[in-house]
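S.K.: Generate a structure from the sequence data that follows.
(one chain, ligands or ions: 1)
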Amino acid sequence: MRNLLVAGNWKMNTDSAGAAQLATEVANGFKPDSTVEMAIFPPYPYISIVASVATGTALQYGAQDLNEHESGAHTGEICASMLVNMGCSMVLVGHSERRAMYGDSNERVACKFIAAQAAGLTPVLCVGETLEQRENNETEAVISRQLDAVLSRTGIQAFANAVLAYEPVWAIGTGKTASPEQAQQIHAFMRDKLAALDGIIAGQLRILYGGSVKGSNAAELFAQADIDGGLIGGASLTSDAFLAIYNAVA
Ligand code: 13P
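M.R.: Predicted structure coming up:
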């Protein structure tokens, strides 16, 4: 019922030639009879390069962030309509690196989520706890606050056109993956929380896991009942590593 999604967040990496090559290799990696989807999130300057490669293929693409305003005097920022204009179908919102380093509060993330949807983009809402929060047994409270900030402004209906990503901060770029059981527990917690508001929407929502996913651990993680794919950083930067994840489940 929920197609797996293998999504690559390139973060602030690649150059123009590398972006074209990586996108081409990923687009060529689809198995014709698989329902597993792939998406990539290049840096802004390379979106048009990825667009020219991905158009006409099954490869989906989007941006790593957006500004919450529609247009206007916001020097250096990128708005949702510009992403739509470049053919993006998705956009990440609330990645932990933006929350930690670039002022993305829960409230601002909610505004970005709303701006993305208003323009017709599917927001990929990223949530997750720090190591300190996990050790203090605050994981569920933190994730609830992150979800509630959006839910209280949009209502559950908005999650009919969204993707969630659980990315424990302590597992990002550290080589420390959450165990399949640890990840499943939080995914189930999130789905149950949303199901209390609307069971159908919660049942259809894809919840990705992110944090040191690689070819060798993807199959076990994505086999969990509430894990519907991955949001991949480091291992999305070479087609070999990224397609190893796709091939493990496709
Ligand atoms: P890594 O796969 O490098 O741990 O990064 C995960 C991530 O932050 C994806 O958004």
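S.K.: Only C-alpha atoms from now on, for both contacts and neighbour counts.
M.R.: Fine.
S.K.: just the helices in this structure please.
M.R.: Applying DSSP state H to the chain gives helices spanning 16-27, 47-54, 80-85, 96-101, 106-118, 131-135, 139-154, 180-195, 199-204, 215-222, 239-249.
S.K.: Show me what the fourth one is packed against.
M.R.: Pointing back at helix 96-101 there. Packing partners of helix 96-101 (3 or more C-alpha pairs under 8 Å, 6 or more residues apart in numbering; DSSP states H and E): none among the helices and strands.
S.K.: repeat that with 10 Å
M.R.: helix 106-118, strand 122-127 (3 or more C-alpha pairs under 10 Å, 6 or more residues apart in numbering; DSSP states H and E).
S.K.: and Ser52, what does it touch?
M.R.: Contacts for Ser52 were tallied using C-alpha atoms under 10 Å, 6 or more residues apart in numbering; they are Ala20, Ala23, Thr24, Met86, Gly87.
S.K.: who are the neighbours in contact with the last one?
M.R.: Remark: with contacts taken as C-alpha under 10 Å, 6+ apart, Gly87 is in contact with Ile47, Ser48, Val50, Ala51, Ser52, Ala54, Thr55, Gln60, Tyr61, Gly62, Ser81, Leu121.
S.K.: Provide the count of other residues in contact range of Ser144.
M.R.: Using other C-alpha atoms under 10 Å, Ser144 has 17 other residues around it.
S.K.: Phe189 is in contact with that one, correct?
M.R.: Yes: look at Ser144 against Phe189 with C-alpha atoms under 10 Å: they come within range, at 9.3 Å.
S.K.: Nearest the geometric middle of this protein, what residue?
M.R.: Val124 (4.5 Å; C-alpha atoms, centre = their mean).
S.K.: For that residue, give the beta-bridge partners.
M.R.: Under the criterion DSSP bridges, Val124 forms beta bridges with Leu92, Val163.
S.K.: what's the distance between it and Ile201?
M.R.: Taking C-alpha to C-alpha, to the nearest Å as the measure, Val124 falls 15 Å from Ile201.
S.K.: Then Gly94?
M.R.: 21 Å.
S.K.: between these two, which one's more packed in?
M.R.: Legend: neighbour count by other C-alpha under 10 Å for Gly94 and Ile201, higher for Gly94 (28 against 18).
S.K.: and Ala118, how far is that from the ligand?
M.R.: Distance of Ala118 to the ligand, given as C-alpha to the nearest ligand atom, to the nearest Å: 23 Å.
S.K.: Let me see the contact set for Leu121.
M.R.: 62, 80-81, 83-84, 87-92, 113-115, 161-162.
S.K.: let's see 6 Å
M.R.: Neighbouring residues of Leu121 by C-alpha atoms under 6 Å, 6 or more residues apart in numbering: Ser89, Met90.
S.K.: Please point out which parts of the helix or strand of the chain with the lowest mean pLDDT sit buried.
M.R.: Ranked by mean pLDDT, DSSP states H and E, the helix or strand of the chain with the weakest confidence is helix 131-135, at a mean of 95. The neighbour-count check on helix 131-135 (16 or more other C-alpha atoms under 10 Å) flags Gln133, Arg134 as buried.
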